[in-house]
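Student: I'd like to go over a predicted model; first the sequence, then the structure.
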Amino acid sequence: MTKPRIAMLGTGLMGGPMARNLLKAGFSLTAWNRTAAKAEALRPAGARIAASAAAAAADAEMTIVILESGAVVGEVLFESGRVADAMKQGALVIDMSSIEPRQARDHAERLRQRGIGYLDAPVSGGTAGAEAGTLAIMAGGSAEDFARARPVFEAMGRPTHVGPAGAGQLAKLCNQAIVAVTVGAVSEALLLAAAGGADPAVVRQALMGGSADSPILRNQGQRLLERNFVPGGSARIVLKDCNNILAEARAFGLRLPLAERIAEIYAALAEHGGADYDHTAVLLELERLNSGKRLSDRPDRLPG
C-alpha cells in the first residue's frame with residue numbers, strides 16, 4: 001500500500017525527532033517550522049522544506065501539527081497560516097500538540113465543514129520517547145480516521161483510540177495531572193530524605209521496585225539528584241497543561257486540589273524566572289518555600 005504524503009508543522013524538541021522517525025519508516029515528509037533552521041535540520045534525513053505552513057500542507061494527505069498551544073494551532077490552521085485553505089478535501093489533520101479539549105472539538109468541526117478529517121493525538125514520553133519512537137499516543141476522532149493514521153502513529157510510538165474528537169486531549173490532561181503531581185511528590189520526598197540526614201540517592205534506589213516506583217522516580221528522580229534543569233519538557237508547558245486541567249475541571253464542576261496546588265507552585269517557579277527550565281525545576285520552588293534548604297550542594301545545570 002502506498003504510504004501517505006505527510007506535512008509536519010512544528011519540528012522543535014518533540015516534532016523534530018518524530019519527523020525523523022517518520023522519515024526512517026519511509027514516509028515522504030515536508031517540514032515547516034517558524035524558526036526555519038529547525039526544519040532545515042531535517043533536510044539531510046530526506047525531508048523537503050516548505051517556506052510556509054500552507055505550502056507544506058497543500059500536497060499532503062496527512063498534516064501533523066505539533067505546536068505550542070491551542071491558540072497557535074488555530075492561528076496556523078485557520079488564520080495567518082491558512083493551512084485549512086490550502087488542504088485538499090479528504091485530507092487529514094493530526095494535531096499532536098497539547099491543547100484544550102474544547103479547542104480540539106472546535107477545530108474538528110471547522111475542518112469537517114471543509115471536508116477535512118481531524119484527530120487530536122497528543123503524546124506522552126517526552127523527548128526520549130520522541131527520539132526512540134516509543135511515545136504513548138492518545139487519539140480522539142472517528143474510528144475510520146484513526147485506522148487511516150495508525151501506520152503513521154506506529155512509526156512514532158504506541159497509539160490508542162480513546163474516543164471522539166477532544167478525547168485525546170482529555171486523556172493527555174489526565175496524564176499531565178499525574179505527571180505534574182508525581183514530579184512534585186518525588187521532589188518533596190527526596191528533599192525530606194536529605195533534610196533528615198539520609199542520602200537521597202540511596203533512598204531513591206531503595207524505593208525503586210516498590211510501590212512508589214514509577215518512570216518519574218527513575219528518570220526525573222535522577223534529574224533531581226543531578227540538579228539537571230536543562231529542559232526535556234519545560235515548566236512553561238507543564239504550567240500551561242495544569243491551567244488546562246483546571247479549566248476543564250471547572251467546566252465539569254470538579255475541584256482538583258492537588259492539581260490546583262501544583263499549578264500554583266509551577267506559576268511561582270515561572271515568576272522566579274524558571275519558566276523555560278525543565279519541569280523538574282519545581283524542586284527549586286520547593287527549596288525556596290523551605291528557606292533555601294537544598295536537596296544537595298551540587299550546582300544547578302540550567303538552560304543557556
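Tutor: That came in fine, so what should we check first?

Student: phi and psi next, for Met14.
Tutor: Phi and psi for Met14, reported as degrees, to the nearest 10, are phi -100, psi -50.

Student: let me redo that: Leu254
Tutor: Torsion angles at Leu254 (phi, psi; degrees, to the nearest 10) stand at phi -100, psi 150.

Student: same deal with the one 10 residues further on?
Tutor: Note on Glu264: backbone dihedrals following degrees, to the nearest 10 are phi -60, psi -40.

Student: what about the residue of the chain positioned farthest from its centre, helix or strand, and which?
Tutor: The C-alpha centroid of the chain is most remote from Gly197, which lies 36.3 Å away (C-alpha atoms, centre = their mean). Following DSSP states H and E, one finds Gly197 outside all helices and strands.

Student: okay, it and Glu226: tell me how far apart.
Tutor: Going from Gly197 to Glu226 by C-beta to C-beta, to the nearest Å gives 21 Å. Using the backbone N, CA and C atoms, a C-beta is placed for each residue, glycine as well.

Student: and for Val181?
Tutor: Per C-beta to C-beta, Val181 is found 22 Å from Glu226.

Student: how about Arg250?
Tutor: 37 Å.

Student: circling back to that earlier point, the more surrounded of Val181 and Glu226?
Tutor: The neighbour comparison of Val181 against Glu226 (other C-beta atoms under 10 Å) goes to Val181, with 17 against 14.

Student: so which helix or strand takes in Ile137?
Tutor: strand 135-140.

Student: same question for Ile64.
Tutor: Per DSSP H and E: Ile64 is located in strand 62-65.

Student: before we move on, what about Ser98?
Tutor: Here Ser98 sits in a region with no helix or strand, counting by DSSP H and E.

Student: next one: the one 5 residues further on
Tutor: Mapping Gln103 onto the secondary structure by DSSP H and E places it in helix 101-112.

Student: so where do the strands sit in the chain?
Tutor: Assigned by DSSP state E, the chain shows strands spanning 6-9, 29-32, 48-49, 62-65, 92-95, 117-120, 123-124, 135-140, 157-163.

Student: dump the ones you listed to JSON lines, plus mean pLDDT and mean neighbour count.
Tutor: Listed next are those as JSON lines, based on pLDDT from 0 to 100; neighbours: other C-beta atoms under 10 Å:
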{"stretch": "strand 6-9", "mean pLDDT": "98", "mean neighbour count": "30"}
{"stretch": "strand 29-32", "mean pLDDT": "98", "mean neighbour count": "26"}
{"stretch": "strand 48-49", "mean pLDDT": "97", "mean neighbour count": "17"}
{"stretch": "strand 62-65", "mean pLDDT": "98", "mean neighbour count": "27"}
{"stretch": "strand 92-95", "mean pLDDT": "98", "mean neighbour count": "27"}
{"stretch": "strand 117-120", "mean pLDDT": "98", "mean neighbour count": "26"}
{"stretch": "strand 123-124", "mean pLDDT": "92", "mean neighbour count": "23"}
{"stretch": "strand 135-140", "mean pLDDT": "98", "mean neighbour count": "25"}
{"stretch": "strand 157-163", "mean pLDDT": "98", "mean neighbour count": "18"}
